[in-house]
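Trainee: coords below, sequence missing:
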């Protein structure tokens, strides 16, 4: 049996000299010389990442001065081929395209309006050889960004950062789409199609069993946890066998006015915050866009609300957060002379 640690070390071979030279030149300029590099594990045991994520500490020379910097590498874990391998491999091409051409196009639209770029990491280099995918981005950790505790529900300060940036993300995708000759982000960027829908039948069956089992387990647990959980428990036990379809439906194009480019995995684990000396968030980044696709804006909002917020907080602040999202969304479009494709009536 080969350990997961061994697979991680094998993945380190994907960090090549060519990949790092490309990253350095894009980051530091063309007249830079790569001297050496060191690979350091970035994630902790239990972080549950589908990729091997590493810090790459680099020594380089520019203008006769030797300096150091660091990047983040996202690497194919090189696990034995299984039913999910093809879907996983496609995710690298999708995320690299989103971080480069697509968000680049969205940022061009925002720049025209005098607005800040979308808050995601900069992509510096990529290698998309099938089965050996890897890409390199800026290291947000050295800039002071860190993850919020995923075991806690977010508070209002953090949540407002998320929904406001979601509004800008969604709106700028619509402006960018209008500039495309096809007028369709899915037709122009084929890599965005069906992040889940292209899975083999056996994989979907496995997902179905996992979702169903989890739903039943949680439903039975809540059944013994007090009367206030009765409604949730009954729903889970009734619809456990349909949870996979509910999940996949949220990522299916609906051809209605709510369709935008979505993050598609919008929860605490895929967000980083930077704080001031009083531990108040002052900046924010979305990360891990490997599932991004075109679907209803409500998919991102629902996913965030129910994965990252506690129930009482969600109920008490729902209107505040939705209003903040919609004001951010509509502000971008109105600055461009466009009417928002949908409205929001606060309650």
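Mentor: Great, that's in hand. Quick caveat, the model's predicted, so the values are computed rather than measured. Numbering: from 1, shown residues only.
Trainee: how long is stretch 300-314 end to end?
Mentor: Length of stretch 300-314, first residue to last, C-alpha to C-alpha, to the nearest Å: 15 Å.
Trainee: same question, stretch 221-236
Mentor: Terminal residues of stretch 221-236 lie 11 Å apart, using C-alpha to C-alpha.
Trainee: State the mean pLDDT of it.
Mentor: Stretch 221-236 shows a mean pLDDT of 92.
Trainee: residues in contact with it?
Mentor: Contact partners of stretch 221-236, identified using C-beta atoms under 8 Å, 6 or more residues apart in numbering, comprise 215, 216, 218, 219, 220, 237. Any C-beta I mention is one placed from the backbone N, CA and C, and that applies to glycine too.
Trainee: Just the buried residues of it, please?
Mentor: For stretch 221-236, burial by neighbour count (16 or more other C-beta atoms under 10 Å) applies to 222, 229, 233, 236.
Trainee: which residue sits closest to the third one, ignoring its sequence neighbours?
Mentor: Leaving aside its sequence neighbours, residue 233 sits nearest to residue 222 (C-beta to C-beta, 6 or more residues apart in numbering; 3.9 Å).
Trainee: so how far is the helix or strand containing that neighbour off the chain centroid?
Mentor: Assigned by DSSP states H and E, residue 222 belongs to helix 201-223. How far helix 201-223 lies from its chain's middle: 24 Å, per C-alpha atoms, centre = their mean, to the nearest Å.
Trainee: any idea which helix or strand comes after that helix?
Mentor: Helices and strands here follow DSSP H and E; after helix 201-223, the next one along the chain is helix 230-239.
Trainee: Quick one: work out the angle between that next one and helix 201-223.
Mentor: In terms of direction (axes from the mean of the first three to the mean of the last three C-alpha atoms, to 10 degrees), helix 230-239 departs from helix 201-223 by 150 degrees.
Trainee: Now do the residue nearest to residue 206 when sequence neighbours are not counted against residue 250, distance only.
Mentor: Using C-beta to C-beta, 6+ apart and skipping the chain neighbours, the partner closest in space to residue 206 is residue 83 (7.1 Å). Look at residue 83 and residue 250: by C-beta to C-beta, to the nearest Å, they are 22 Å apart.
Trainee: Give the residue from the two that has the larger number of neighbours.
Mentor: More crowded of residue 83 and residue 250, by other C-beta atoms under 10 Å: residue 250, with 18 against 14.
Trainee: Next, the contact list for that one, please.
Mentor: Applying C-beta under 8 Å, 6+ apart to residue 250 gives the contacts 295, 296, 299, 302, 303.
Trainee: ok, residue 16 touching residue 126?
Mentor: No. Contact criterion C-beta atoms under 8 Å: residue 16 and residue 126 do not qualify, at 11.6 Å.
Trainee: more crowded one of these two?
Mentor: residue 126 (21 against 14).
Trainee: Please name every helix or strand in contact with the helix or strand containing that one.
Mentor: Assigning secondary structure by DSSP H and E places residue 126 in strand 123-127. Applying 3 or more C-beta pairs under 8 Å, 6 or more residues apart in numbering; DSSP states H and E, one finds that strand 123-127 contacts helix 17-28, helix 85-97, strand 134-138.
Trainee: Against residue 320, how distant is residue 156?
Mentor: In this view, residue 156 and residue 320 are 7 Å apart by C-beta to C-beta.
Trainee: same question, residue 239
Mentor: To residue 320, residue 239 is 30 Å away according to C-beta to C-beta.
Trainee: show me where pLDDT drops low in this protein?
Mentor: Counting by pLDDT under 70, the low-confidence segments of the chain come to 1-8, 44-49, 196-200, 253, 255, 347.
Trainee: and the nearest residue to residue 91 once chain neighbours are set aside, helix, strand or coil?
Mentor: In this structure, residue 91 finds its nearest non-sequential neighbour in residue 290, 3.8 Å apart by C-beta to C-beta, 6+ apart. The three-state label given to residue 290 by DSSP: H, G, I helix; E, B strand; the rest coil is coil.
Trainee: okay, now residue 290: neighbour count?
Mentor: When neighbours are counted by other C-beta under 10 Å, residue 290 registers 22.
Trainee: returning to what we had before: what residues of the helix holding residue 222 count as buried?
Mentor: Neighbour-count burial for helix 201-223, counted by 16+ other C-beta under 10 Å, picks out 203, 204, 206, 207, 208, 211, 212, 215, 218, 219, 222.
Trainee: Equivalent analysis for stretch 149-156, please.
Mentor: Residues 150, 153, 154 are the ones in stretch 149-156 that count as buried (16+ other C-beta under 10 Å).
Trainee: ok now stretch 228-247, how far from the chain's centre?
Mentor: Averaging C-alpha positions (C-alpha atoms, centre = their mean) puts stretch 228-247 26 Å from its chain's average.
Trainee: Next, the distance between the ends of that stretch.
Mentor: Its start and end residues considered, stretch 228-247 measures 25 Å (C-alpha to C-alpha).
Trainee: before we move on, what about stretch 258-265?
Mentor: 18 Å.
Trainee: List the contacts of that stretch.
Mentor: Against stretch 258-265 from outside (C-beta under 8 Å, 6+ apart): 102, 106, 166, 169-171, 173-174, 177, 185, 192, 195, 251, 253, 270, 286, 288-300, 303, 341-342.
Trainee: Assign residue 38 to helix, strand or coil.
Mentor: With three-state DSSP as the basis, residue 38 sits in strand.
Trainee: give me the beta-bridge partners of it?
Mentor: Note on residue 38: beta-bridge partners by DSSP bridges are residue 57.
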